[in-house]
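Asks: For reference, the sequence and a predicted model appear below.
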Amino acid sequence: MKTIDELLAEGVAGKRAFVRADLNVPLDGTSITDDGRIRAVLPTVKALAEAGARVVVASHLGRPKGAPDPAFSLEPAAARLGELLGADVAFATDTVGESAQATVAGLSDGQVAVVENLRFNAGETSKDDAERGAFADRLAALADVYVGDGFGAVHRKHASVYDLPARLPHYAGYLIATEVGVLKKLTDEVARPYVVALGGAKVSDKLAVIDQLLGKADRILIGGGMAYTFLKAKGYEIGKSLLQEDQIPAVQEYIERAEKTGVELVLPVDVLAGTEFPDLKTKAPANPTTVAADAIPADRQGLDNGPETCKLYASKLADAATVFWNGPMGVFEHPDYAEGTKAVAQALVESKGFTVVGGGDSAAAVRILGFDETAFGHISTGGGASLEYLEGKTLPGLAALED
Ligand SMILES: Nc1ncnc2c1ncn2[C@@H]1O[C@H](COP(=O)(O)OP(=O)(O)O)[C@@H](O)[C@H]1O
Ligand SMILES: O=C(OP(=O)(O)O)[C@H](O)COP(=O)(O)O
């Protein structure tokens with residue numbers, strides 16, 4: 001894999017450098033609640049700009065449906081990037097159209113532009129190779145070289161991640177190099193006990209990871225939206241909680257395999273349940289009740305770990321020599337549902353083991369809830385990406401940078 005240092009040594013002045021970043025930051029309307037992913041790509045953007053490149057930064061944000069949607073505009077992220085760089089950052093209101101072409105053509109050496117959300121174009125995420133390829137061709141027309149630095153998206157076989165690097169000389173940016181360097185340590189001989197904590201909302205994406213983790217981890221703690229498919233698979237009532245119904249048979253098999261192989265699979269014993277999903281804008285009191293995890297009332301949904309589960313998970317993390325945590329334990333964005341996430345973060349802070357937190361929202365949670373980032377071994381910008389890396393899978397966005 002060629003790195004950005006090789007590109008800098010070859011000389012990049014006057015060249016258009018396309019940086020595929022992951023600027024998928026959490027937003028409250030148009031205000032960014034955590035800019036960690038923007039800060040994470042700064043070393044790459046700065047190095048290219050200082051070397052005189054014309055830097056074109058591209059990213060997805062959220063999951064728009066292949067067409068422009070103002071709620072998912074990258075404009076706030078572009079503005080924040082400009083503030084952090086201390087320089088004007090141009091913004092193109094489309095990704096490959098007239099605005100992007102004119103914006104890129106207007107760049108001088110050392111200037112930076114951001115183009116609009118890649119996922120406003122159906123070709124970005126298409127499963128059809130030709131459709132993705134056609135979009136990648138249009139992206140390629142904007143640049144001379146490609147720098148892959150969107151670690152959080154390297155597990156996606158998307159046009160800007162997988163097809164575009166094949167069309168341009170390609171290099172890995174500093175963030176990807178750092179992330180892979182740290183995560184590699186968890187794929188070699190890991191210090192045991194190795195405990196993995198999984199939560200969050202991207203349940204369908206991440207349930208499959210457990211299949212592999214069962215052969216690697218000594219203990220797996222399940223929380224967040226992930227937990228309810230497990231509780232349902234055990235035959236419990238989960239009310240209106242998040243459920244991945246089609247995954248129940250797979251989850252039942254995971255539970256059986258864990259029992260047979262001696263992997264400790266730990267599920268919540270109590271949860272905080274509300275009558276509805278809380279209002280994250282007003283943060284109006286949600287008045288949840290603590291209920292047993294095997295008897296969530298039909299009109300309620302589990303939205304955080306309960307107090308007994310918080311204690312249980314802290315005890316299960318206390319003796320870990322290695323911890324990997326992805327996915328908040330509850331809807332931490334609301335103060336009534338933040339305790340489960342806080343308890344896991346606190347247990348990692350107190351841990352004597354090597355601790356890794358991964359994921360856009362998990363990393364944001366740690367910072368928003370006031371934890372000191374330096375108290376963790378590593379905070380990864382990618383959740384799904386780091387999980388799939390730990391599974392030993394070939395990640396499209398890394399494979400594409402290899403040759
Ligand atoms: N029980 C739950 N029900 C619904 N959403 C949940 C629940 N627990 C956590 N979440 C949500 O999960 C989201 C983060 O999930 P995810 O994107 O998978 O994590 P990450 O970005 O760290 O990989 C948060 O916005 C949080 O509100
Ligand atoms: O937020 C992300 O992943 P993560 O929630 O697993 O950390 C990445 O930006 C990838 O986004 P996606 O899961 O919509 O492809």
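Replies: Perfect, I can see it now. Ligands and ions are numbered 1, 2, ... in the order given.

Asks: CA atoms for contacts and neighbours, from now on please.
Replies: OK.

Asks: all helices for the stretch 251-400 of the chain, in order.
Replies: For the stretch 251-400 of the chain, helices defined by DSSP state H, counting those that start in this stretch occupy the ranges 307-318, 339-350, 360-368, 384-391, 396-402.

Asks: Next, format the ones you listed as TSV and append mean neighbour count, distance to R20 and mean pLDDT.
Replies: What follows is these, written out as TSV (neighbours: other CA atoms under 10 Å; distance: least, CA to CA, whole Å; pLDDT from 0 to 100):
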stretch	mean neighbour count	distance to R20	mean pLDDT
helix 307-318	19	35	98
helix 339-350	22	30	98
helix 360-368	22	16	96
helix 384-391	22	15	93
helix 396-402	20	10	97
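
Asks: could those be laid out in CSV, adding distance to ligand 2?
Replies: Output for these, formatted as CSV (distance: least, CA to the nearest ligand atom, whole Å):
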stretch, distance to ligand 2
helix 307-318, 22
helix 339-350, 15
helix 360-368, 4
helix 384-391, 4
helix 396-402, 12
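
Asks: Nearest to G133, out of those?
Replies: Of all these, it is helix 396-402 that lies closest to G133, at 13.7 Å by CA to CA.

Asks: on that earlier part again, what about the helices of the stretch 251-400 of the chain, which gets the closest to L7?
Replies: helix 396-402 (13.0 Å).

Asks: Show me the contact partners of the closest one.
Replies: Under the contact criterion CA atoms under 8 Å, 6 or more residues apart in numbering, helix 396-402 has outside partners 1-2, 148, 153-157, 161-163, 165-166, 170-172.

Asks: Out of those, which are close to ligand 2?
Replies: Residues of those in contact with ligand 2 (CA under 6 Å from any ligand atom): A153.

Asks: between the contacts of helix 396-402, which has the most around it?
Replies: When neighbours are taken as other CA atoms under 10 Å, the top entry among these is G148 (32 neighbours).

Asks: Is that residue bridged to anything, and to what?
Replies: With DSSP bridges as the criterion, G148 is bridged to R20, A172.

Asks: Quick one: name the residues of the stretch 301-403 of the chain near ligand 1.
Replies: 302-304, 326-333, 359-362, 383-384.

Asks: In PyMOL, select just the buried ones from the residues you listed.
Replies: Restricted to buried positions by 16 or more other CA atoms under 10 Å, the PyMOL selection for these reads:
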select buried, resi 302+303+304+326+327+328+329+330+331+332+333+359+360+361+362+383+384
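
Asks: For ligand 1, give me its nearest residue in the stretch 1-150 of the chain.
Replies: When scored by CA to the nearest ligand atom, the stretch 1-150 of the chain has P26 as its residue closest to ligand 1, at 8.4 Å.

Asks: Could I get the contacting residues of that residue?
Replies: Counting by CA under 8 Å, 6+ apart, P26 touches 32-35, 360-361, 364.

Asks: do E124 as well
Replies: 66, 118, 132, 135-136, 158-160 are the contacts of E124 under CA under 8 Å, 6+ apart.

Asks: Please apply the same query to F151.
Replies: Contacts of F151 by CA under 8 Å, 6+ apart are 21-22, 175-176, 179, 381-382, 385.

Asks: With L175 instead?
Replies: 40-41, 43-44, 149-151.

Asks: Now distance to L183, secondary structure and pLDDT too, for the residues you listed, in TSV please.
Replies: Below are the contacts of L175 laid out as TSV (distance: CA to CA, whole Å; DSSP: H, G, I helix; E, B strand; the rest coil; pLDDT from 0 to 100):
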residue	distance to L183	secondary structure	pLDDT
A40	16	helix	98
V41	18	helix	98
P43	19	helix	98
T44	20	helix	98
D149	15	coil	98
G150	15	coil	98
F151	12	helix	98
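
Asks: Which of the residues you listed are buried, as a ChimeraX select command?
Replies: A single ChimeraX command is used to select the members of the contacts of L175 judged buried by 16+ other CA under 10 Å:
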select :40,41,44,149,150,151
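
Asks: how about the contacts of L175, which pair is most distant?
Replies: P43 and F151 (13.8 Å).

Asks: and the spatially closest residue to A227 that is not a sequence neighbour, how far is that from A217?
Replies: Closest residue to A227 apart from its sequence neighbours, by CA to CA, 6 or more residues apart in numbering: L267 at 6.7 Å. Distance, L267 to A217, by CA to CA, to the nearest Å: 15 Å.

Asks: and what of F91?
Replies: 44 Å.

Asks: Please apply the same query to Q301.
Replies: Q301 is 29 Å from A217, by CA to CA.

Asks: quick one: which of the contacts of E124 sit in helices?
Replies: 132, 135-136 (DSSP state H).

Asks: Mark which of those are buried, thanks.
Replies: By the neighbour-count criterion of 16+ other CA under 10 Å, those include these buried positions: 132, 135-136.

Asks: for these, which one is nearest I222?
Replies: R132 (35.3 Å).

Asks: Now do the same contact list for that closest one.
Replies: 123-126, 158-159, 163.
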